[in-house]
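Q: Sequence first, predicted coordinates after that:
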Amino acid sequence: MKQNCLTLSGNIMFLMLVSSVLLASGAFAQGPHIKDFSVFGTGLQLGTSSTVVSGNVGSMSIVRTTGTSSIGGSIYSKGLIDLANSNTVTGSVYAANDPFVAGNAFQTGSNASIAGSIFANGPIYVGGGSVNGSVELTSNSFSYSGPTPSGTVTVNPALTFPMPTLPGTFSIPAIPANKPDIVNNTTLLPYNGTDATKYGNIMLGGARTVTFSAPGTYIIRSIRNSGNFNKFVFNFTSAPSGIFKLYLPGDVDLFKINVELVGGGSPSQIYMEVQGNGQSAGGTGYAWSITNGASGNNQSTWLGTVWAPNGPISVGSGSSQSKIIGALWSHMQVDIQNGVSITHAALQQCNFTVDAGSDPTITCASLTPQLSGSTTALNPVYSWTTSDGIIVSGANTANPVISKAGTYTLTVTSPGCFDSYSDNVVVTTIPCVLPFYPPSTPGKVDLKIGSELWSLYNNYGNVLDDGSSMFTIMNG
């Protein structure tokens, strides 16, 4: 049975973590997936006039806005949520307040617009405006203060607040120390396993272009741009559905940047993992940063998903605007400065199928059949599991040997991917007695009627053979 069923995995390369499934109570069945987030950090601050056009935002400690902001998705916080005046949220709000601290778990200033519901482990204060969903608290000791919601105000002690799982990190091959800096217009080739396709620091001084020649993996020490509007070009011509993966052990300071896609592609096909801690890119303090900048229609722009596991992210330092189409994830603070626009483009670097094969039947002629799994994933890692069957061998291969009816699940992961995908196969059995009955271990049963008659008794009514060949009396 061929499916493309997404299964969330805990430790994945690209953590990066499919979609939210909500229970009617507001609790999450399996938790939101990181790929549904346009911004996520240990802490998150959105500046005045910042706009998250689409996608969820979240934090492991606090989500805070400092002025008028618009969020085109839901807000998830393992800690608190603190919104300023005139904030708009088109989704729901989840404030886990864990570990618990006294005070409001969720609060807003005046003129708030909450299109969804509010779920909080603590008091809620909405300073004015509207709540177009319901309100759910974890305890009778917590209160809701604000405009009357369109739904109900209820208490649910069983309310839970699972958070998305952040990605793991890629093991970046060592870059030779003598690799030169890239300071002029350059075309880079994807990494082919040799030092020749590893690169040093990209240090563009203004009006310079680096072209990434084809989808694939790029190994770059760091990026430290300066000057007025450099450009990155991602050339999809050779593989319009391909993926660009940029891995950097150092920091990235894009400064003022334009990004251009050539020959197809989209921001959902670009991924950058920055493993610096914010101390090597000109002393910005951020592992990944982009500066606001505009000249006519020339706006500082980044396209793609960024994952910074070891350092903070900053977007928009400067007086004008910048634009992000993709996603920004950090294991530390994310600061979105004033006037920044972020549009979610879910990373699609892994979208493979898994097929557990046709539903086999265990018969007398085939007591231990092999399952027939397959996948379109590159370098697949197979894992078969069952709760009611028996896997004799090959649980980590495409074709395991099984010996009992039941449901078997094939789960496949691929190095460098966020997700595992799965498919099920149902194995049935036709009970029968073999013409030459294999005796049970240790060779007999402790019953007067013996193994053969005992098998006939157990399988009466289910044996398709008419029995004419089971016992034969031969003269002589």
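A: Thanks, I have the structure now.

Q: Nearest residue to residue 85 in space, please, no chain neighbours.
A: residue 109 (3.6 Å; CB to CB, 6 or more residues apart in numbering). For the C-beta atoms, the positions are set from N, CA and C on the backbone; glycine is no exception.

Q: Please verify my assumption that the one you found contacts residue 129.
A: No - with contact defined as CB atoms under 8 Å, residue 109 does not count as touching residue 129 (9.0 Å).

Q: From residue 114, how far out is the closest residue in space to residue 91 that isn't next to it in sequence?
A: Closest residue in space to residue 91, ignoring its immediate chain neighbours: residue 74 at 3.2 Å, by CB to CB, 6+ apart. Here the criterion is CB to CB, to the nearest Å. By it, residue 74 lies 10 Å from residue 114.

Q: Mind checking which of those two has more residues around it?
A: residue 114 (28 against 23; other CB atoms under 10 Å).

Q: what's in contact with stretch 186-199?
A: With CB atoms under 8 Å, 6 or more residues apart in numbering as the contact definition, stretch 186-199 has outside contacts at 173, 175-176, 179, 182, 209-221.

Q: again with stretch 74-84
A: Against stretch 74-84 from outside (CB under 8 Å, 6+ apart): 20, 32, 37, 56-69, 89, 91-98, 101, 103-109, 112, 116, 161, 163-164.

Q: Could I have the buried ones of the residues you listed as PyMOL selection syntax?
A: A single PyMOL command selects the buried members of those (16 or more other CB atoms under 10 Å):
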select buried, resi 20+32+37+56+57+58+59+60+62+63+64+65+66+68+69+89+91+92+93+94+95+96+97+98+104+105+106+107+108+109+112+116+161+163+164
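
Q: So which of the contacts of stretch 74-84 sit within helices?
A: Within these, no residue falls in helices by DSSP state H.

Q: Quick one: residues contacting the residue nearest to residue 85.
A: 83, 84, 85, 86, 87, 127, 128 are the contacts of residue 109 under CB under 8 Å, 6+ apart.

Q: Using ChimeraX, define a selection of the buried residues within those.
A: Buried residues within these, by 16+ other CB under 10 Å, are selected in ChimeraX with:
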select :83,84,85,86,87,127
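
Q: From the contacts of residue 109, pick the one nearest residue 226.
A: Distance to residue 226, by CB to CB, is smallest for residue 84 among those, at 33.1 Å.

Q: ok, what's across the strand from residue 230?
A: Bridge pairing for residue 230 (DSSP bridges) gives the partners residue 257.

Q: dump the residue contacts of it.
A: 204, 206, 207, 208, 209, 210, 254, 255, 256, 257, 258 are the contacts of residue 230 under CB under 8 Å, 6+ apart.

Q: Are any of those residues buried, and if so which?
A: Buried among the contacts of residue 230 by 16+ other CB under 10 Å: 204, 208, 210, 254, 255, 256, 257, 258.

Q: Make TSV from those and add distance to residue 386 to it.
A: As requested, these are arranged in TSV below (distance: CB to CB, whole Å):
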residue	distance to residue 386
204	55
208	57
210	50
254	49
255	54
256	56
257	51
258	53
